[in-house]
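Visitor: 3D model of this:
(one chain, ligands or ions: 2)
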Amino acid sequence: MNEGDKRALLRSSVREFLDFPSPGICFRDITPILKDPTAFSAAIDLFESYLRDHFPKIDLIAGLDSRGFLFGPALAQRFGIGFVLIRKKGKLPGPTECVSYSLEYGKAEIEIQVDAVDPGQKVVIIDDLLATGGTMAAACELLKRRNADIVACLVVIELSPLKGAEKLKSYPVHALLQYD
Ligand SMILES: O=P(O)(O)OC[C@H]1O[C@H](OP(=O)(O)OP(=O)(O)O)[C@H](O)[C@@H]1O
Ligand SMILES: Nc1ncnc2[nH]cnc12
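Guide: Numbers count the residues shown, from 1 in each chain. Ligands and ions are numbered 1, 2, ... in the order given. Presented below is the predicted three-dimensional model:
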């Protein structure tokens, strides 16, 4: 399958649910991608080729709670590197660093274990979806505080009208699919 076919398969796998989780939100559901191994491999292939084409060295993949956890470990395996978790507050044991943020339908706090990333490590952040960019920007702030070198922010879906990428101007943002 070529890259265009892989993107088409992914797009056909994403479902829409209107008014979930609150009125006015059109929820883009990526679960069918996970259910279809061909679609899931296509997503990981596309992320891998983007990273190989643009960045010669990556040390670590950091995934965002919770749907970033679905894609990050498989991608990290392709590069033979580790995966670390950025979680909603209160889920990680030991010393953590925390950042608050707002998202399309609420407010939250995320944190990372302070020993998850060494200073200067080249880190790629991954999530399923970029909406307002609040979550991804908070993750960048967390990693910056840990003195990581943020290489790129990856998402399966970017909701372009919400202009999340504008909050992330200092970092390359790559989405496999854009939605208007
Ligand atoms: O760009 P933003 O406006 O910040 O929104 C994007 C975030 O919202 C969703 O996660 P959510 O917080 O709903 O958590 P979940 O993955 O645990 O469902 C999505 O998976 C992203 O992480
Ligand atoms: N519209 C949306 N669909 C799925 N996940 C989301 N996270 C934030 N906005 C979302």
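
Visitor: Do a quick rundown of the helices in the protein.
Guide: Assigned by DSSP state H, the helices in the chain fall at 3-13, 31-35, 37-54, 68-79, 134-145.

Visitor: Nearest to ligand 1, out of those helices?
Guide: Nearest of the helices of the chain to ligand 1, taken as Cβ to the nearest ligand atom: helix 134-145 at 3.3 Å. Any C-beta I mention is one placed from the backbone N, CA and C, and that applies to glycine too.

Visitor: For R15, which non-adjacent residue is spatially closest?
Guide: Leaving out its chain neighbours, the residue that sits closest to R15 by Cβ to Cβ, 6 or more residues apart in numbering is D29, at 4.3 Å.

Visitor: can you count the residues close to I30?
Guide: 22 (other Cβ atoms under 10 Å).

Visitor: Switch the helices of the chain over to CSV; also include distance to K163, mean pLDDT and mean neighbour count.
Guide: Converted to CSV, the helices of the chain look like this (distance: least, Cβ to Cβ, whole Å; pLDDT from 0 to 100; neighbours: other Cβ atoms under 10 Å):
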stretch, distance to K163, mean pLDDT, mean neighbour count
helix 3-13, 21, 98, 15
helix 31-35, 24, 98, 15
helix 37-54, 21, 98, 16
helix 68-79, 20, 98, 20
helix 134-145, 11, 96, 22
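
Visitor: For the residue nearest to S160 when sequence neighbours are not counted, give me its contacts.
Guide: Of all residues not flanking S160 in the chain, Q178 sits nearest, at 5.0 Å (Cβ to Cβ, 6+ apart). Listed by Cβ atoms under 8 Å, 6 or more residues apart in numbering, the contact partners of Q178 are I157, E158, S160.

Visitor: ok, stretch 88-102 near ligand 2 or not?
Guide: No - contact of stretch 88-102 with ligand 2 (Cβ under 6 Å from any ligand atom) is absent, the minimum separation being 11.2 Å.

Visitor: what residues does this protein put near ligand 2?
Guide: With Cβ under 6 Å from any ligand atom as the criterion, the chain meets ligand 2 at residues I25, C26, F27, R28, L103, E104, L129, A131, L159.

Visitor: Pull out the buried members of the residues you listed.
Guide: Buried residues within the residues of the chain next to ligand 2, counting neighbours by 16 or more other Cβ atoms under 10 Å: R28, E104, L129, A131, L159.

Visitor: picking that back up, could the helices of the chain be laid out in CSV, adding distance to K169?
Guide: Below are these laid out as CSV (distance: least, Cβ to Cβ, whole Å):
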stretch, distance to K169
helix 3-13, 25
helix 31-35, 28
helix 37-54, 17
helix 68-79, 21
helix 134-145, 10
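
Visitor: and those helices as JSON lines, adding distance to ligand 1?
Guide: What follows is the helices of the chain, written out as JSON lines (distance: least, Cβ to the nearest ligand atom, whole Å):
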{"stretch": "helix 3-13", "distance to ligand 1": "16"}
{"stretch": "helix 31-35", "distance to ligand 1": "11"}
{"stretch": "helix 37-54", "distance to ligand 1": "14"}
{"stretch": "helix 68-79", "distance to ligand 1": "7"}
{"stretch": "helix 134-145", "distance to ligand 1": "3"}
